[in-house]
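**Q** need a 3D model of the sequence below.
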Amino acid sequence: MPRGTTPALPVRVRTVLRDTFGLTRLRPGQAAVIERVLAGQATLAVMPTGAGKSLCYQLPALLLEGRTVVVSPLIALMKDQCESLRALGIAAVQVNSAIDSEEERAAEQAVADGSAKIIMTTPERLADPGFQEMLQAHPVALLAVDEAHCISHWGHDFRPAFLEIAHALPRLGKPIVLALTATATDDIAADICKQLGIPENGVVNTSSYRPNLDLRVVAVADESEKLAQVLKLVGATPGSGIVYTATVKAAHAVHEALQDAGEPAGLYHGKLSPQERGAAQDAFMGGHCRVMVATNAFGLGIDKADIRFVLHYQLPATLESYYQEAGRAGRDGETAKCTLLFLRGDKAIQQFFMAGRYPGEEDATAIVQALQDKPAEAEAWSLPLLQAKVGRPKSKLQVALGLLRKDRIVAMARDGTLRLLKTGAFGERLRELTEGYGKKRDLDREALERMVFYAQTGQCRWRVLLEHLEDGSPLERCEHCDNCRRIKAHEAVVEDLLRRNGEVGDDAVVEEETSGPTVFTRGDLVEVRRYGRGVVEEASGTQVTVVFADRSRRSFLPEFVRRAKARSGKAGAVAAAP
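**A** Here you go, the predicted structure:
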């Protein structure tokens, strides 16, 4: 079947697609996912940003008997999608901590009386026993888990509450499961499938390659140069865009600099109030501010098709994160620029975050020991009291508590209070529960090194991305990243020099040197076995340093380097290396 075509669809699917969503065909991958869901088969859909993952559960939701629960990690996603669904006449509600009390009452009423066809919520709310009871009042046909990489121990955006989803499935009557993500390596995909009961043959994986995204990296020497590059790149690029930072401090600095330069920029990060985040998002989506400066708290599910650039001010932790965030550009299929500003010292920021991310045996032990006694300040332990007692970062504490709750060592009541379910010695069990995070820390360090390699490589950037995301790349060169353009320009210079310097006939070849060792000078065109053609950067009697088309520099003994001459009259032909 040709790429981009849609197989014959059942009449009822075509009717809903046309009459409700105003579409005449499905995108690649959508038909396969929807077909599996309607057949009652658990599915993991790995589809790039902009490929239409949302439709894969929205359309089946209207055809299945029962309602659909969508679990999403960010409230921004629910807000946009709920508004879009309601505009189509679909009974959708969102249940999360950001909505006001009046909307929450109306949403919970719609959940309780069964009038809500699509219910969007967070993993934290889904884990709440009271909310589960409310959902049990009417059949749940489909449970869709968006950004499903979060559910994996090996994922790059771990949230403890995602571990609770698997436990909720039997309580909801074992609905059809659909997990969706833009990125999942083989290990992550296998872990998602294991936790959610998706068979190995239940993975639908479309290509991550998006040729309209132009990838580039700009190396900078210090923070002042980096900030100057932000102003230069934002000012020179028309249309709307996102500037991502790794820290809240950097977000404020970039936002202030852009505003001082007269750029209409918004600000979005997790420390702002829900009202401030909502206002910033509305301004960006409505086109009232051209640029959004944000941490990675912004972007999941943002359906703004005309984002023309995504600029990373600081190094992301993984290539998966980078692909997710950069992929928010160009969802309309038009060309968009994705630029990473690379300052070598930014690696330390991600290393700092890693240090406080995963719990060890000592962290789990501290929690259990604390819960054995009654808190001095209250009747029961709350998360803030426990954090003050054990002195651990909140994120690490939440992950450890998620493990202890999953293993039925600790319970959390509906009011958020914590208590031990078991007594006795837990040493060996706590060691078993946390040992996996030692491997996770090693994997995270490897992932950060791959991100640094991407920033420094002279290879095709799309090839590097696809080799990581898909364990292989059909591309040698994409022709729309900075490295491919640089290699092409380098080769054009080499070919031009060869044409001008080639003074041999059509059948000429490189001849053996017989009059002693060759003397090379800077700028000479040479060939080296296995590495191909390059230009001499530096030469001495004992060493020749050659710059190749991929920007790599290698040094050789002079006897391994030969002058390159034209082999025929055709441009680009070069004599074979000895």
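
**Q** and the helix-or-strand element of the chain with minimal mean pLDDT, how far out from the chain middle?
**A** One helix or strand of the chain scores below all others by mean pLDDT, DSSP states H and E: helix 482-501, with a mean of 78. Here helix 482-501 is found 34 Å from its chain centre; the criterion is CA atoms, centre = their mean, to the nearest Å.

**Q** tell me the helices and strands packed up against it.
**A** strand 213-219, helix 461-470, strand 525-528 (3 or more CB pairs under 8 Å, 6 or more residues apart in numbering; DSSP states H and E). Every C-beta, even on glycine, is put in place using the N, C-alpha and C of the backbone.

**Q** run the angle between it and helix 461-470 for me.
**A** 140 degrees (axes from the mean of the first three to the mean of the last three CA atoms, to 10 degrees).

**Q** now do the buried residues in helix 482-501.
**A** Neighbour-count burial for helix 482-501, counted by 16 or more other CB atoms under 10 Å, picks out 482-484, 487, 490, 494-495, 498.

**Q** with stretch 268-275 instead?
**A** Neighbour counts over stretch 268-275 (16+ other CB under 10 Å) mark 268-269, 272 as buried.

**Q** quick one: end-to-end length of that stretch, please.
**A** 11 Å (CA to CA, to the nearest Å).

**Q** tell me which residues are up against it.
**A** For stretch 268-275, contacts defined as CB atoms under 8 Å, 6 or more residues apart in numbering pick out 75, 97-98, 248, 251, 277, 280-281, 284, 292-295, 297-298.

**Q** just stretch 403-411 next, same as before
**A** Stretch 403-411 has contacts (CB under 8 Å, 6+ apart) with 160, 163-164, 167, 359, 364, 367-368, 371, 401, 412, 418-422, 426, 429, 433-434.

**Q** show me where pLDDT drops low in the protein?
**A** Residue ranges of the chain with pLDDT under 70: 1-9, 76, 153-159, 299-303, 497-517, 565-578.

**Q** would you map out the domains in it?
**A** 11-205, 213-352+444-478, 360-433, 483-563 (automatic domain parsing).

**Q** ok, back up a step: out of the contacts of stretch 268-275, who's the most crowded?
**A** Tallying neighbours with other CB atoms under 10 Å puts V293 at the head of the contacts of stretch 268-275, with 32 neighbours.

**Q** how about stretch 89-97: buried residues?
**A** Within stretch 89-97, the residues that count as buried by 16+ other CB under 10 Å are 90, 92-96.

**Q** can you add distance to F520 and secondary structure and give the residues you listed back as JSON lines?
**A** Listed next are the buried residues of stretch 89-97 as JSON lines, based on distance: CB to CB, whole Å; DSSP: H, G, I helix; E, B strand; the rest coil:
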{"residue": "I90", "distance to F520": "71", "secondary structure": "coil"}
{"residue": "A92", "distance to F520": "70", "secondary structure": "strand"}
{"residue": "V93", "distance to F520": "73", "secondary structure": "strand"}
{"residue": "Q94", "distance to F520": "68", "secondary structure": "strand"}
{"residue": "V95", "distance to F520": "71", "secondary structure": "strand"}
{"residue": "N96", "distance to F520": "67", "secondary structure": "coil"}
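
**Q** TSV for those, including distance to R551?
**A** TSV is the format used below for those (distance: CB to CB, whole Å):
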residue	distance to R551
I90	52
A92	50
V93	53
Q94	48
V95	52
N96	47
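
**Q** between these, which is nearest I34?
**A** I90 (16.0 Å; CB to CB).

**Q** what's near enough to touch the closest one?
**A** The neighbours of I90, taking CB under 8 Å, 6+ apart as the test, are 20, 58, 61-62, 117-118.

**Q** which of the residues you listed are buried?
**A** With burial judged by 16+ other CB under 10 Å, the buried subset of the contacts of I90 is 58, 61-62, 117-118.

**Q** helix/strand/coil for the closest residue to V220 other than its chain neighbours?
**A** The shortest distance from V220 to any non-neighbouring residue, by CB to CB, 6 or more residues apart in numbering, is to K226 (4.4 Å). For K226, the secondary structure call by DSSP: H, G, I helix; E, B strand; the rest coil comes out as helix.

**Q** how many residues are close by K226?
**A** 21.

**Q** from memory it sits against F342, does it?
**A** No - checked against CB atoms under 8 Å, the pair K226 and F342 is beyond contact range at 9.0 Å.

**Q** nearest to V519, of the contacts of I90?
**A** Closest to V519, out of all of those and judged by CB to CB, is Q58, at 70.5 Å.

**Q** tabulate the helices and strands packed on helix 482-501 in TSV, adding columns for mean neighbour count and distance to E124.
**A** As requested, those are arranged in TSV below (neighbours: other CB atoms under 10 Å; distance: least, CB to CB, whole Å):
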stretch	mean neighbour count	distance to E124
strand 213-219	19	33
helix 461-470	21	29
strand 525-528	20	58
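
**Q** in JSON lines: these, plus distance to R553.
**A** Converted to JSON lines, those look like this (distance: least, CB to CB, whole Å):
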{"stretch": "strand 213-219", "distance to R553": "15"}
{"stretch": "helix 461-470", "distance to R553": "19"}
{"stretch": "strand 525-528", "distance to R553": "12"}
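
**Q** what about stretch 368-377, start to end distance?
**A** 18 Å.

**Q** and it, how far out from the chain's middle?
**A** 39 Å.

**Q** repeat that for stretch 323-334.
**A** Computed by CA atoms, centre = their mean, the chain-centroid distance of stretch 323-334 equals 11 Å.
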